[in-house]
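>>> What shape does this take:
(chains A and B)
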Protein chains: 2
Amino acid sequence: MRDVAVIGVGVTKFGELWDKSFRDIGVNAGMMAMADAGLSGSEVDALFIGNMSAGRFINQQNIGAMIADYAGFALNHIPSTRIEAGAASGGIAFRQGVMAVASGMHDIVVVGGAEKMTDVDDASSNSILDSTADQQWEASMGATMASLFAMIARRYIHEGLATREEIASVSVNGHAHGALNPNAQFRKAIKLESVLRSGMVADPLGLFDCAPISDGAAAVILCPMDKAKEYTDNPVRVAAVTQASDTLALFQRDSITSFASSRIAAERAFAAAKLSPSDISVAEVHDCYSIEGLMAVEDLGLYGRGKGGKAFLEGQTLFDAGKIAINTSGGLKARGHPIGATGVAQIVEIAEQVRGTADKRQVKGARYGMTLNLGGTGSAATVSILEGI
Amino acid sequence: MRDVAVIGVGVTKFGELWDKSFRDIGVNAGMMAMADAGLSGSEVDALFIGNMSAGRFINQQNIGAMIADYAGFALNHIPSTRIEAGAASGGIAFRQGVMAVASGMHDIVVVGGAEKMTDVDDASSNSILDSTADQQWEASMGATMASLFAMIARRYIHEGLATREEIASVSVNGHAHGALNPNAQFRKAIKLESVLRSGMVADPLGLFDCAPISDGAAAVILCPMDKAKEYTDNPVRVAAVTQASDTLALFQRDSITSFASSRIAAERAFAAAKLSPSDISVAEVHDCYSIEGLMAVEDLGLYGRGKGGKAFLEGQTLFDAGKIAINTSGGLKARGHPIGATGVAQIVEIAEQVRGTADKRQVKGARYGMTLNLGGTGSAATVSILEGI
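Numbers count the residues shown, from 1 in each chain, chains lettered A, B, ... in the order given. Below you'll find the predicted structure:
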């Protein structure tokens, strides 16, 4: 297999983009990434798109072909493939793109992620999100994503792994970074009190524990490592990208205070990259709900079991704390969470960090960064490790 | 890149499977393929699933995780990835599986395709199918898949490329073969007159020119060619698998009587396999509507421009005619067309043919066979060439 490099990145503003269509944002992110890599477009020979549910959000299937068409790639008839794995769609699309280059099948690959969620009402968008849980044994019984993660949070507290305040501090951390990210949906720092007093969604999780409904898109350009210097002076090496699955329904797991899929994807990634958690300077983790951001840093091994909460609460996770910075983009909570875009946006943020272009939220001397992107309640997980060259 | 082999195949009965769930059929096809390859399951290290719209048909996203779970693979936490490209979902999932093995990233890969379409009413299923066309410029204006293919058929006749009778004979060919396939949805030979007199759907296409709404699933097992003999005495080599895109909407094409995506995917496949159309003994082509079956054999280069119709009408396409046999499974029209399953079922049929296990519809001495699987109105196309070893 060939080593693969990220040579360009692009991300739109995330938020309620009423004046933009799915096509607009998907194409915009791709164009930004191509400009970043200095490509004109004709060099691209395959496209991979992460998208969760354009079929239900905008009544459009066949999204691979649509993005290829509107980005102008249909002129060259390049292969364009859409991946869906709930909220892990973007991260798993990235893995397919890496596989395409690593295999030698393609040379210049665009990986995009996009979702336009605000064209349907809130009840519909929640029903669509819940369809990434087990429809037969969870969603149809009334379980929602929020209530499933609330059960996890309750159990976390019950087992003494974290306090309510520690869980809430994941959102405080995200907002502190979101304030520094011009593309974030929420650019306002918040206090712990605000999270604790926010309107109840599913006990113990309040509104500020939950990532928002968002529109947005992100894209990265991949090429073989040995050609990367032709396009950019600061390529980023894909040191590992792994993926793992677990049961669709929570009730079938041995534990709900740790996701085996996250742990195993992380173990496989560290093994493939020949690295350990102590090598990591910065990570983007999947805080669809605050509790999951906390569980993620423990499942990745960045913090010991039951130790993540304290790190968040004490601000060790901030970009300038000199420890392992978490969710410098703002995370899903503050940057926003356009489902299919999220995993690719995580790659964009880590690529910016390890190549030293993360501007006001730059983690000093970051060489290795990682991402954890989840589908459902951890039924799908994908982990990437990137290295600045 | 490593050479890749198909070492096991499985397909469920296609039809209106009221007593079976999506989970049942998806898992059943996989189990049949594993039994065919003599696998117990623990050897499998990745899963790729083609599915068009479980999100709308059964309100379940995150299908990769679901199938991994219900097939028992979640126990090993293997990566499971869902691909969507309209009706090309299955064929493109097959391409991702081949890429995963060719790259060296995985050794034993299951590629499955499944769709459960009959749990919604006909109006809903048509709306879902139409969402693979351009929602903004076609479907929202009232264009349906049937009406778009009807325009193609009219233009075909107008340009003198085929007669109405020749177009109808594609369905006659499919039904003749469906009668010999125990898993086909329709196991009854039909006369040309029956197609011509069938109820009008979209002029000139009648009911018997249109593939049915179906439930069903198919699966194949892949491994590196150099390990294939450990599992089976008659492996099938993947000589090529290619993919191409085109504009989402028909009106943006130079021509609607030939699909550039099909032609280019075929050219790339013949080049990669170092073969030409004259090497092919049997092909499964995408007759979602009779006209497309006809156009497909011409776009693949199996018959000259305007010559395909005569071949169908004269029965040259039958399995025992000694020419290039077309749709020996019954094709989409008679075998059935559970969208996400179709591309994988095409691979199953060609694998059976080139390894000599196609029973009553065996094409004598078939060594090379090919498939053409399409998404939308040809906005996505994938072509595979298989070789019996």
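
>>> which non-adjacent residue is nearest A:Gly10?
In this structure, A:Gly10 finds its nearest non-sequential neighbour in A:Met32, 2.7 Å apart by C-beta to C-beta, 6 or more residues apart in numbering or on different chains. (Each C-beta comes from the backbone N, C-alpha and C, glycine too.)

>>> Check the gap between the one you found and A:Tyr231 for me.
15 Å (C-beta to C-beta, to the nearest Å).

>>> How about A:Gly343?
To A:Tyr231, A:Gly343 is 23 Å away according to C-beta to C-beta.

>>> who's more crowded, the two?
Between A:Gly343 and A:Tyr231, counted using other C-beta atoms under 10 Å in any protein chain shown, A:Gly343 has the larger neighbour count: 32 against 18.

>>> residue contacts, the more buried one?
Contact analysis of A:Gly343 by C-beta atoms under 8 Å, 6 or more residues apart in numbering or on different chains lists A:50, A:87-94, A:113, A:371, A:373, A:382.

>>> A:Gly72 too?
Neighbouring residues of A:Gly72 by C-beta under 8 Å, 6+ apart: A:Gly41.

>>> try 10 Å
A:27, A:30-31, A:41-42, A:44 (C-beta atoms under 10 Å, 6 or more residues apart in numbering or on different chains).

>>> Kindly report the same for A:Asn76.
A:41-45, A:68, B:244-245, B:264.

>>> Repeat that for A:Ser171.
A:178, A:186, A:190, A:192, A:194-196, A:198, A:205-211, A:287, A:289-290, A:293, A:312, A:327, A:331, A:333-334 are the contacts of A:Ser171 under C-beta under 10 Å, 6+ apart.

>>> Is it inside a helix or a strand, and which specific one?
helix A:164-178 (DSSP states H and E).

>>> Tell me the helix or strand right after that helix.
Downstream of helix A:164-178 (by DSSP H and E), the next one is helix A:192-196.

>>> Run the chain-centre distance for that following helix.
24 Å (C-alpha atoms, centre = their mean, to the nearest Å).

>>> ok, and what's touching it?
A:164-172, A:175, A:188, A:204-209, A:290, A:313, A:333.

>>> Correct me if wrong: A:Asn183 contacts A:Gly216.
Yes: applying C-beta atoms under 10 Å, one finds A:Asn183 in contact with A:Gly216, separated by 8.0 Å.

>>> Next, show the common contact partners of those two.
Common neighbours of A:Asn183 and A:Gly216 (C-beta under 10 Å, 6+ apart) are A:11-15, A:335-336, A:345.

>>> if we can go back for a sec, in helices, which of the contacts of A:Gly343 fall?
Among the contacts of A:Gly343, the members found in helices (DSSP state H) are A:89-94.

>>> give me every residue that touches A:Ala93.
A:Ala93 touches A:47-51, A:64, A:81-85, A:111-113, A:220, A:340, A:343-344, A:347, A:373, A:382, B:81, counting by C-beta under 10 Å, 6+ apart.

>>> now the most centrally placed residue in chain A, what's its secondary structure?
Centroid check for chain A by C-alpha atoms, centre = their mean gives A:Gly343 as the closest residue, at 3.0 Å. Put simply, A:Gly343 is helix when judged by DSSP: H, G, I helix; E, B strand; the rest coil.
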